[in-house]
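A.B. asks: show me how the following folds:
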Amino acid sequence: MKHRRIPKRKAAIAGGAVAALVAAGVTFQSANASDNTEQFAAKSLSVAAAGNLATTLTQDLGADAAGTYYDADAKALVVNVVDEAAAESVRKAGGKARIVENTLAELTGARQTLTVKATIPGTAWAVDPVTNKVVVTADRTVKGEALTKLTQVVKSLGAKVELKKSAGEFKKFIAGGDAIHSGGGRCSLGFNVVKDGEPHFITAGHCGQAGSEWSDSAGGAPIGEMVESQFPENDFALVKYTGSTEHPSEVNLYNGSSQAITQAGEATVGMQVQRSGSTTQLHDGEVTALDATVNYGNGDIVNGLIQTTVCAEPGDSGGSLFAGDTAIGLTSGGSGDCSSGGETFFQPVPEALSVFGAEIG
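C.D. replies: As a prediction, this is how the structure comes out:
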């Protein structure tokens, strides 16, 4: 069954958004930045409060805003701007202003060039507000002519783009909170939700197609049927439980306890998160970018993903990314494993809930 593709909703925070200051030894000066703290002291903010302020300032500053991120040490929102007038507005609002070289429009243009000229399997890119660049990651399969082509495109974009290599391979984590099974494949349940008053759960779209039946054990009786699945472009699916039994909104912590989930929320770069999955159980890490584009190969390109340092392996697909009681993402794919590390990408939960007309139960 063919499903319509839903355009990805762009993050409200410019440049892919809020990030930790301590990334790879990068300092304010590394992006040709300057800031002025003589008149206005930056407010001490939580990650959530910083995200709200970032949204407001991004809207107010328009084209003068060039991305934001969270300084975890100072508990301050850092706002990239292109001139002193915009910097003064940031300081007055309680943020930490930083004048940078590349505008958001220039970085967006660089991403568009990459899409047109460098859509190569095994690549991913996202705006890094800390370095004020688009960071392109090539996995270990990108070599020979493909790597040469990618390198040339990156070089043509100058200081706006940086190329990095990953030792792993970008792949969908199919095979992948609790295990769910269908036709010999295994994925992980993301979050229990309610749609039209009926119990459902959400998982990764690449795990299966509409009409597929799912059980909680290999070869077991079906517990639900997938009613909608979207992949590629998006990576989410909705499964309706058989019967009307209520299912708790919680995540398995694999230590005999669970985390209650009461709401869905947006990720911010610098946010500390946890992931639960049926292969590797519970792991934690940090959000490093938003609105990431990942090319898994075979035409399977997904946009608007959350990029993290959380590890994952095949079988963890669809599993829960959360922060406290807040549902954040569904495990999509990545590189590496839980021994060597790597990058993992997640489908944002709020978008999936909006498309399905569902809510956390």
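A.B. asks: so what does the host helix or strand of residue 351 touch, helix or strand wise?
C.D. replies: Secondary structure from DSSP states H and E places residue 351 in helix 349-356. Using 3 or more C-beta pairs under 8 Å, 6 or more residues apart in numbering; DSSP states H and E as the contact definition, the elements that helix 349-356 packs against are strand 191-195, strand 198-203, strand 236-241, strand 263-264, strand 326-334. C-betas here are computed from N, CA, C, even on glycine.
A.B. asks: just checking, which helix or strand of this structure averages the lowest pLDDT?
C.D. replies: strand 171-172 (a mean of 88; mean pLDDT, DSSP states H and E).
A.B. asks: ok, that one: who's next to it in the sheet?
C.D. replies: Strand pairing for strand 171-172, using DSSP bridges, gives strand 326-334 (antiparallel).
A.B. asks: nearest to residue 141, of the helices and strands packed on helix 349-356?
C.D. replies: strand 326-334 (13.5 Å; C-beta to C-beta).
A.B. asks: tell me the mean pLDDT for that closest one?
C.D. replies: Mean pLDDT, strand 326-334: 96.
A.B. asks: same thing with stretch 73-89?
C.D. replies: 94.
A.B. asks: start and end of that stretch, how far apart?
C.D. replies: 23 Å (C-alpha to C-alpha, to the nearest Å).
A.B. asks: got it, and stretch 229-238?
C.D. replies: 6 Å.
A.B. asks: now find how far off-centre it is within its chain.
C.D. replies: Remark: stretch 229-238 is offset 14 Å from the chain centroid, using C-alpha atoms, centre = their mean, to the nearest Å.
A.B. asks: give me the contact list for it.
C.D. replies: With C-beta atoms under 8 Å, 6 or more residues apart in numbering as the test, stretch 229-238 has contacts from 3, 5-6, 8, 193, 195, 200-210, 226-228, 296, 299-305, 318, 330, 332, 347, 351-352, 355-356, 358.
A.B. asks: swap the cut-off to 7 Å and go again
C.D. replies: Residues external to stretch 229-238 that are found in contact with it (C-beta atoms under 7 Å, 6 or more residues apart in numbering): 3, 5-6, 200, 202-210, 226-228, 299-303, 330, 332, 347, 352, 356, 358.
A.B. asks: for the record, mean pLDDT for that stretch?
C.D. replies: 98.
A.B. asks: start at 59, not 1
C.D. replies: Happy to do that; since the first residue is 59 now, the last one works out to stretch 287-296.
A.B. asks: since we're on residue 276, how many residues are nearby?
C.D. replies: 11 (other C-beta atoms under 10 Å).
A.B. asks: mind checking the SS state of it?
C.D. replies: coil (DSSP: H, G, I helix; E, B strand; the rest coil).
A.B. asks: so how far is residue 301 from it?
C.D. replies: Look at residue 276 and residue 301: by C-beta to C-beta, to the nearest Å, they are 21 Å apart.
A.B. asks: what of residue 381?
C.D. replies: Counting by C-beta to C-beta, the gap from residue 381 to residue 301 is 31 Å.
A.B. asks: okay, those two: which has more neighbours?
C.D. replies: Applying other C-beta under 10 Å to residue 381 and residue 301 shows that residue 381 carries more neighbours, namely 20 against 9.
A.B. asks: which ones are touching the more buried one?
C.D. replies: 329-331.
A.B. asks: so in terms of bridging, what pairs with it?
C.D. replies: Going by DSSP bridges, residue 381 is paired in beta bridges with residue 384.
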